[in-house]
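1. the amino acid sequence is not available; the structure is as follows:
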Ligand SMILES: Nc1ncnc2c1ncn2[C@@H]1O[C@H](COP(=O)(O)OP(=O)(O)OP(=O)(O)O)[C@@H](O)[C@H]1O
């Protein structure tokens with residue numbers, strides 16, 4: 001335990017010519033947490049990650065990883081992070097165990113230990129029997145597992161997973177969820193970016209919603225859902241022609257609509273409003289036949305928060321998992337990353 005937050009980000013900015021990718025992002029990610037970074041395409045998630053791993057130089061603000069400044073203390077920062085990127089930027093010509101050994105060597109792990117470590121992480125992600133296979137020959141799901149193995153080779157304290165389940169089938173997604181949950185239980189801090197809202201909801205203690213380079217909210221998935229509105233739909237047996245004034249003065253209630261025998265109440269915290277509604281109807285002698293509460297989904301809250309004035313929302317992005325990030329953020333892989341600039345270990349730009 002370092003005693004420092006895994007991420008301590010203040011007023012982080014990044015401009016690419018006339019595009020502002022990060023517009024004053026401040027965030028704290030506690031050590032040991034499972035933190036989600038959600039945002040529509042172009043929100044700035046990849047830029048944020050690339051700054052952490054030294055692939056993109058920030059334009060302003062500060063970013064610290066377990067207390068290490070990402071630029072001044074590049075090597076310590078980089079050694080603390082394991083990144084599983086979206087793109088398959090892997091050396092395709094060597095057996096995957098060798099790829100892992102090279103990467104371990106790059107991070108200063110002696111050759112004698114590197115092999116054992118490579119075997120260990122391959123077993124951990126369930127592809128040990130493929131150790132002598134080239135990356136290109138792995139199935140899509142195994143490739144995702146391999147990226148995770150590569151991120152784990154240095155036993156990092158912070159694991160960054162950039163769309164780890166993009167394009168994988170349901171079974172593998174569940175396997176990967178189990179794996180990363182175990183890693184988090186073992187003490188690793190996890191930063192996850194995802195388009196799958198269900199994934200964030202299941203896995204994350206806390207999520208930040210990033211939109212147009214700004215943090216719109218940081219909260220637990222449940223807290224975010226509480227910000228949305230729920231619907232309480234009540235079927236009444238013999239309602240009077242005119243209903244009494246229900247839930248008067250309750251500022252959680254946004255609307256009450258009646259359609260024949262059906263009453264629909266739109267309210268925040270529907271689960272808490274419903275008992276009051278039942279009491280009031282009972283007091284008025286109006287019998288309830290059926291009552292159903294539909295909770296707002298995290299996806300609805302997300303769409304609402306990232307809705308733009310032009311009507312463009314993040315909704316179309318949910319689930320497509322398609323992006324063009326391309327870096328695992330160190331020099332140990334031969335394929336060059338799509339970074340606009342790279343920050344060298346000495347803090348200069350490559
Ligand atoms: N190297 C670059 N040069 C110029 N503009 C860039 C560069 N990289 C990113 N951008 C722009 O910065 C903004 C943020 O992009 P970024 O890739 O960080 O978003 P993202 O949230 O990761 O999106 P996605 O979900 O599609 O991966 C976008 O407008 C993008 O076009």
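-> Nice, thanks for sending it over. Source: prediction; values computed, not measured.

2. quick one: contacts for residue 240?
-> Neighbour list for residue 240: residue 286 [criterion: Cβ atoms under 8 Å, 6 or more residues apart in numbering]. For glycine as for every other residue, the C-beta is placed from the backbone atoms N, C-alpha and C.

3. and it, helix, strand or coil?
-> coil (DSSP: H, G, I helix; E, B strand; the rest coil).

4. may I see the buried residues of stretch 59-76?
-> Buried positions in stretch 59-76, judged by neighbour count with 16 or more other Cβ atoms under 10 Å: 61, 63, 64, 65, 66, 68, 70, 71, 73, 74.

5. give me the mean pLDDT for it.
-> Averaging pLDDT along stretch 59-76 gives 96.

6. first-to-last residue distance for it?
-> The first and final residues of stretch 59-76 sit 21 Å from each other (Cα to Cα, to the nearest Å).

7. likewise for stretch 127-147?
-> 11 Å.

8. show me what contacts the closest residue to residue 173 other than its chain neighbours?
-> Of all residues not flanking residue 173 in the chain, residue 165 sits nearest, at 4.4 Å (Cβ to Cβ, 6 or more residues apart in numbering). Going by Cβ under 8 Å, 6+ apart, residue 165 touches 144, 172, 173, 176, 177, 194, 196, 199, 321.

9. just the buried ones among those, please.
-> 144, 172, 173, 176, 177, 194, 196, 199, 321.

10. among the residues you listed, which lie within helices?
-> Cross-referencing those against helices under DSSP state H gives 144, 172, 173, 176, 177, 199.

11. look up how far the ligand lies from the fifth one.
-> Distance check for residue 177 against the ligand: by Cβ to the nearest ligand atom, to the nearest Å, it reads 20 Å.

12. which residues touch that residue?
-> 165, 199, 202, 203.

13. widest-spaced pair of those residues?
-> Spanning the widest gap among those are 165 and 202, at 11.2 Å by Cβ to Cβ.

14. so where do the helices sit in the stretch 201-350 of the chain?
-> 221-227, 270-283, 298-305 (DSSP state H, counting those that start in this stretch).

15. helices or strands up against the shortest one?
-> Yep, that's helix 221-227 we're talking about. For helix 221-227, the packing partners by 3 or more Cβ pairs under 8 Å, 6 or more residues apart in numbering; DSSP states H and E come out as strand 206-211, strand 214-219, helix 298-305.

16. do the same with the last one
-> Contact analysis of helix 298-305 by 3+ Cβ pairs under 8 Å, 6+ apart lists helix 197-203, strand 206-211, helix 221-227 as its packing neighbours.

17. let's see it at 6 Å
-> When contacts are defined as 3 or more Cβ pairs under 6 Å, 6 or more residues apart in numbering; DSSP states H and E, helix 298-305 sits against helix 197-203, helix 221-227.

18. residue contacts, the spatially closest residue to residue 6 that is not a sequence neighbour?
-> Spatially, and ignoring its direct neighbours in sequence, residue 6 is nearest to residue 189 (3.9 Å; Cβ to Cβ, 6+ apart). For residue 189, the contact set (Cβ atoms under 6 Å, 6 or more residues apart in numbering) comprises 6, 31, 32, 33, 158.

19. can you do 10 Å?
-> Neighbour list for residue 189: 5-7, 29-35, 65-66, 80-81, 156-160, 183 [criterion: Cβ atoms under 10 Å, 6 or more residues apart in numbering].

20. cool, and residue 277?
-> Residues in contact with residue 277 (Cβ under 10 Å, 6+ apart) are 232, 234, 246-247, 250, 253, 256, 263, 265, 267, 270, 288, 291.

21. how many other residues sit next to the residue nearest to residue 234 when sequence neighbours are not counted?
-> Of all residues not flanking residue 234 in the chain, residue 263 sits nearest, at 4.5 Å (Cβ to Cβ, 6+ apart). For residue 263, the neighbour count with other Cβ atoms under 10 Å is 22.

22. could you tell me whether residue 11 really is in a helix?
-> No: Residue 11: not assigned to a helix; according to three-state DSSP it is strand.

23. from residue 84, how far out is residue 121?
-> 12 Å (Cβ to Cβ, to the nearest Å).

24. now do the shared contacts for those two.
-> Joint contacts of residue 121 and residue 84 (Cβ under 10 Å, 6+ apart) are 145, 146, 148, 149, 150, 151, 152.

25. give me the element the third one is part of.
-> Here residue 148 sits within helix 140-152, counting by DSSP states H and E.

26. returning to what we had before: save the contacts of residue 177 as CSV, and put in pLDDT too.
-> Below are the contacts of residue 177 laid out as CSV (pLDDT from 0 to 100):
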residue, pLDDT
165, 82
199, 86
202, 89
203, 93
